[in-house]
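Asks: I would like the atomic coordinates for the input below:
(one chain, ligands or ions: 1)
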Amino acid sequence: MTSIKVPPEHPRAESLQIREKLVEYYHRGVVASAGLIAHGRGEAFDYMLGEKITKPALNAVKAAAATLLTAEKAVISVNGNTAALVAEEIVRLAQITKAKIEVNLFYRSVDRELAIKGVLEKAGAHEVLGVGEDASAKIPELGSERRRVDPRGILVADVVLVPLEDGDRTEALVKMGKKVIAIDLNPLSRTSQKATITIVDNVVRATPKLVEIVGKLEHDLKKCNEILLNFDNKKNLAESITLIKGRLSKLAEK
Ligand code: ATP
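Replies: Residues are numbered from 1 along each chain as shown. Sure thing, here's the model as predicted:
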């Protein structure tokens, strides 16, 4: 049920189409109402970043690709917004990196978990962890439903990719000794600040780029190690913030 048809010649057509897609998936029970608000927060930062992949984002994507390819047990954590926007890319990424896919929600409900699983399966996923009783393990230090994870997935993973995560859970996963790769448009969020690798970009751009780079690095372990040796997340994150500052200054001078 798409509510509005966005005319392709509209200057903000792409952004509006993404919005409409999220509204459609909200009505299908995949996206939570709070997911729509979270998207709005992301959009604001995307405006400031110039709505295209930046140099620091690309550096972080390369480091993320290298981390996923050298992981023992990688897991891609999927919420409603991620499933609505990039299900096919997530499945492709999981296939190439041999990562597992786990549904992990801030606002858990079995109906929504099943709806997300359905979207992922339609996109080609053979196995989707974390649904219903499968999420029987707990992340220490976190309260209520947010702590539940799959004992075959996030609980035992060494690397977790968390597109659109919240700060508390990111911090808890890092404290458990996991490498956390975040995709978050807001470089100031606690998720961005706490993650091991932070990709400050829109999931709709970052995920296909990650698939592309993973494909290029797939058989080059030496290059992966070299990328990881030279990557400094704090420095890279600071570059994203400086980039926003520079862009805003230029726009103000116009
Ligand atoms: P934190 O708990 O990490 O401090 P928060 O409270 O802002 O952050 P949430 O509201 O849980 O986090 O999640 C929304 C986050 O997801 C925001 O930081 C927003 O920038 C980001 N976000 C929303 N849509 C996208 C998108 N399409 N691509 C990348 N990031 C996005």
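
Asks: up against the ligand, what does the protein have?
Replies: 38-39, 41-42, 45, 81, 164, 166-167, 183-186, 189-191, 202-203 (Cβ under 6 Å from any ligand atom). Yep, even glycine has a C-beta here, placed from its N, CA and C like the rest.

Asks: can you do 8 Å?
Replies: Contact residues (Cβ under 8 Å from any ligand atom) of the chain with the ligand: 18, 34, 37-46, 81, 85, 106, 163-168, 170, 183-186, 188-194, 201-204, 206.

Asks: quick check on those residues: which are buried?
Replies: Among the residues of the chain next to the ligand, the ones that count as buried by 16 or more other Cβ atoms under 10 Å are 18, 38-39, 42, 45-46, 81, 85, 106, 163-168, 170, 183-186, 189-194, 201-204, 206.

Asks: poorly predicted segments of the stretch 51-200 of the chain, please.
Replies: 144-145 (pLDDT under 70).

Asks: before we move on, what SS does A182 have?
Replies: strand (DSSP: H, G, I helix; E, B strand; the rest coil).

Asks: partners of it in the sheet?
Replies: As for beta bridges, A182 partners with V162, T198 under DSSP bridges.

Asks: so how many other residues sit close to it?
Replies: Residues near A182, counting by other Cβ atoms under 10 Å, number 28.

Asks: wait, it touches V203, no?
Replies: No - A182 lies out of contact with V203 (Cβ atoms under 8 Å); the separation is 10.6 Å.

Asks: identify the contacts common to these two.
Replies: P163 (Cβ atoms under 8 Å, 6 or more residues apart in numbering).

Asks: skipping adjacent residues, who's closest to the spatially most central residue of the chain in space?
Replies: By Cα atoms, centre = their mean, the mean C-alpha position of the chain lies nearest to P163, the distance being 1.4 Å. Take P163 and drop its neighbours on the chain: the residue closest to it by Cβ to Cβ, 6 or more residues apart in numbering is I183, 4.2 Å away.

Asks: okay then, goodbye and thanks.
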